[in-house]
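Asks: Below is the structure, and that's it, no one-letter string:
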């Protein structure tokens, strides 16, 4: 048995006693009321209560177990991180400084010597989180201010490029602590009673938050840029910002693991083009083109967002009507206001409904010429795709209906193989009445989209995002822990932007646009692709 596995086993015995102590009420609740807590479902639902209970229990265990096992956890983690082969990870504690890997020979063999990141450990509970929850533990340690990191993006790249070497962190303890969270978040509990709360947990935080980093069109999905690297300025000297201030601006190229580069955000002056807005309009136009929407069509949009797609369709086709559905009360309210502001002609042809896609009115059966759904299907889950496409099939006109669905996806090679081997649409319940017309990947545009969002989020946090949080949660913001809660919330979003950027930049994630039509519909096949 390896040294790291022996250490994990020793930790397991300590944790058993800590769990008993927590169940006996011997631990205080450390977590408090956090803005970032988004229980797996509605906070008053059964699964939401279980999720919250497990979170509080695990936090209490960390508090009790911190002193007796922090050193054991540190030793176990370092023994695994010592196996890093690509890049260099520096970890600084109050008493030590570790450069991983420590062997100069290994560093010399690295294919990416420029890849370097430094983590400063401020609280030893970090080691326990990493042992018990793996990548989720690292995320929480960052969000709770237990570590500082000079470059999150490079840190993620190091972890990603050393996946095989770091499998030792996937310990039995890690699986023990992550299993309940996976269970509570599992798609099998995504029923009608909690799906509205599931969407609201993300989108109903506040409209003000999203207005702080989205472009004026309020489109929260991957844009299509003329230049996917156009925001990047190469620099020979990495910028090292204190993560305590959360100004993390270092990156890698979306096409390769390039030297550290720093994107900048220039203030938009009157008359200056907002490239993010321009890119979002190009994306909307591309989807409209792929769906081949025309005058006179009745269009159904599943997932309204803040109305940008519906408005764009109505602007381009004056005789087209759109029904768009959402589960977010906040989205519906702002989308309605934006639609009304677009003019009476536009507003008169768009109906926005607070409605689950599985509860569409009977009179909608077979009534729609086109269906579009932009990055909403992720919330459905693979195991519910059969029902999702059954509803699409049900709502489309029987002879000539067609549509476009876009979604963040698995790695491109695996995704395309899955489509080819399983017959994607047929597998998910269309009974052969829908066929795939085309599949394209715009995932390479997502890293820049995420960088643009992150820069705007940081630039606008104090003037837009934080005031919106204060208005939405005055009882939390005004409490003694108010400042801490805001910082945790801010770190959560920075982590999210960086984490997703690396996923798309390294092609571990894709963003596919799938166009489908009725089998035998010759009219849909005549469009020359552009």
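Replies: Everything's here; your move. These numbers were taken from a predicted model, which means no experiment stands behind them. Residues are numbered from 1 along each chain as shown.
Asks: how many other residues sit next to residue 520?
Replies: As a burial measure, residue 520 scores 11 neighbours (other CB atoms under 10 Å). Where C-beta positions appear, they are placed from N, C-alpha and C, glycine not excepted.
Asks: List phi and psi for the nearest residue to residue 511 once chain neighbours are set aside.
Replies: The spatial neighbour of residue 511 that comes closest, neighbours along the chain excluded (CB to CB, 6 or more residues apart in numbering), is residue 443 at 4.2 Å. With angles defined as degrees, to the nearest 10, residue 443 sits at phi -50, psi -40.
Asks: Pass me the low-pLDDT residue ranges in this protein, would you?
Replies: By pLDDT under 70, the weakly predicted segments of the chain are 1-67, 103-113, 168-205, 233-272, 381-382, 411-432, 525-530.
Asks: picking up where we left off before, residues contacting the residue nearest to residue 511?
Replies: If you count contacts by CB atoms under 8 Å, 6 or more residues apart in numbering, residue 443 has them with 222, 408, 409, 412, 504, 507, 509, 510, 511, 512.
Asks: Filter those down to the buried ones.
Replies: Buried members of those, scored by 16 or more other CB atoms under 10 Å, are 222, 408, 409, 412, 504, 509, 510, 511, 512.
Asks: Report the residue ranges of every domain in this structure.
Replies: 3-184, 207-216+228-272+446-505, 275-444+510-526 (automatic domain parsing).
Asks: what helices or strands is the strand or helix carrying residue 131 leaning on?
Replies: Following DSSP states H and E, one finds residue 131 within helix 125-143. For helix 125-143, the elements it packs on are helix 3-23, helix 46-81, strand 147-149, helix 172-184, helix 482-505, judged by 3 or more CB pairs under 8 Å, 6 or more residues apart in numbering; DSSP states H and E.
Asks: Residue 276 should be in a helix, yeah?
Replies: Yes. Using DSSP: H, G, I helix; E, B strand; the rest coil, the assignment for residue 276 is a helix.
Asks: what's around it, how many residues?
Replies: Around residue 276 there are 25 residues (other CB under 10 Å).
Asks: ok, it - contacts?
Replies: When contacts are counted by CB under 8 Å, 6+ apart, residue 276 touches 215, 223, 449, 452, 456.
Asks: switch the cut-off to 7 Å
Replies: Applying CB atoms under 7 Å, 6 or more residues apart in numbering to residue 276 gives the contacts 215, 223, 452.
Asks: ok, now how distant is it from residue 339?
Replies: Taking CB to CB, to the nearest Å as the criterion, residue 276 is separated from residue 339 by 21 Å.
Asks: and residue 101, how many neighbours does it have?
Replies: By other CB under 10 Å, 22 other residues sit near residue 101.
Asks: Residue 84 is in contact with that one, correct?
Replies: Yes. Using CB atoms under 7 Å, residue 101 is in contact with residue 84, at 5.0 Å.
Asks: in a helix, that's where residue 524 is, yeah?
Replies: Yes. Applying three-state DSSP, one finds residue 524 inside a helix.
Asks: Identify the residues contacting it.
Replies: 292, 402, 437, 517.
Asks: got the residue ranges for the strands in the stretch 301-450 of the chain?
Replies: In the stretch 301-450 of the chain, the strands defined using DSSP state E, counting those that start in this stretch lie at 321-326, 350-354, 370-374, 402-409, 434-441.
Asks: still on that earlier bit, now render the contacts of residue 276 as CSV, adding neighbour count.
Replies: What follows is the contacts of residue 276, written out as CSV (neighbours: other CB atoms under 10 Å):
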residue, neighbour count
215, 22
223, 26
452, 25
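Asks: sorry, back to before: which one of the contacts of residue 443 is nearest to residue 470?
Replies: residue 222 (30.5 Å; CB to CB).
Asks: Distance-wise, check that closest one relative to residue 102.
Replies: In terms of CB to CB, residue 222 sits 40 Å off from residue 102.
Asks: do the same with residue 373
Replies: With CB to CB as the criterion, residue 373 and residue 102 are 50 Å apart.
Asks: what do you get for residue 76?
Replies: Counting by CB to CB, the gap from residue 76 to residue 102 is 16 Å.
Asks: and what of residue 435?
Replies: The gap separating residue 435 from residue 102 is 56 Å, by CB to CB.
Asks: So for these two, which residue has more residues nearby?
Replies: residue 435 (18 against 12).
Asks: so the more buried one sits right up against residue 520, yeah?
Replies: No. Using CB under 7 Å as the test, residue 435 is too far from residue 520 to be in contact (8.8 Å).
Asks: For the spatially closest residue to residue 91 that is not a sequence neighbour, identify the helix or strand it belongs to.
Replies: In space, and not counting its chain neighbours, residue 91 is closest to residue 98: 4.5 Å by CB to CB, 6+ apart. Using DSSP H and E, residue 98 falls within strand 97-100.
Asks: helices and strands around that strand, which ones?
Replies: Counting contacts by 3 or more CB pairs under 7 Å, 6 or more residues apart in numbering; DSSP states H and E, strand 97-100 is packed against strand 88-92.
Asks: Give the partner strands of the strand it packs on in its sheet and their orientations.
Replies: If you go by DSSP bridges, strand 88-92 pairs up with strand 97-100 (antiparallel), strand 116-121 (parallel).
Asks: quick one on the thing from earlier: measure the residue nearest to residue 511 to residue 223 for me?
Replies: The gap separating residue 443 from residue 223 is 12 Å, by CB to CB.
Asks: for residue 156, what are its contacts?
Replies: Taking CB under 7 Å, 6+ apart, we find residue 156 in contact with 498, 499, 502.
Asks: Residue 383: how many residues sit nearby?
Replies: Neighbours of residue 383 under the rule other CB under 10 Å: 11.
Asks: Residue 463: what secondary structure?
Replies: Residue 463 ends up helix, using three-state DSSP.
Asks: what does the strand holding residue 98 contact?
Replies: Under the criterion CB under 7 Å, 6+ apart, residues 78, 81, 82, 84, 88, 89, 90, 91 lie in contact with strand 97-100.
Asks: ok, 8 Å please
Replies: By CB under 8 Å, 6+ apart, the residues outside strand 97-100 that reach it are 78, 81, 82, 84, 88, 89, 90, 91, 92.
Asks: give me the number of residues near residue 378?
Replies: Look at residue 378: counted by other CB under 10 Å, it has 12 neighbours.
Asks: what about it, distance to residue 406?
Replies: Residue 378 sits 10 Å away from residue 406, going by CB to CB.
Asks: again with residue 327
Replies: Going from residue 327 to residue 406 by CB to CB gives 18 Å.
Asks: quick one, the helix or strand hosting residue 513 and helix 482-505 angle?
Replies: Under the criterion of DSSP H and E, residue 513 resides in strand 510-518. Taking axes from the mean of the first three to the mean of the last three CA atoms, to 10 degrees, one finds that strand 510-518 is oriented at 70 degrees with respect to helix 482-505.
Asks: coming back round to it: any figure for the gap between the residue nearest to residue 91 and residue 158?
Replies: For residue 98, the distance to residue 158 equals 14 Å [CB to CB].
Asks: Kindly report the same for residue 213.
Replies: 26 Å.
Asks: what does residue 230 give?
Replies: Residue 230 is 26 Å from residue 158, where distance means CB to CB.
Asks: Look up how far residue 301 lies from the nearest residue in space to residue 437 that is not next to it in sequence.
Replies: Nearest non-adjacent residue to residue 437, counting by CB to CB, 6+ apart: residue 515, 4.4 Å away. Distance from residue 515 to residue 301, counting by CB to CB: 15 Å.
Asks: Between the two, point out the one with more neighbours.
Replies: With neighbours defined as other CB under 10 Å, residue 515 and residue 301 compare such that residue 301 has more, 25 against 21.
Asks: Identify the bridge partners of that one.
Replies: Per DSSP bridges, residues listed as beta-bridge partners of residue 301: residue 324, residue 372.
Asks: right, and it touches residue 326 too?
Replies: No. If you go by CB atoms under 8 Å, residue 301 and residue 326 don't touch, sitting 9.0 Å apart.
Asks: intersection of neighbour lists for those two?
Replies: With contacts defined as CB under 8 Å, 6+ apart, no residue is adjacent to both residue 301 and residue 326.
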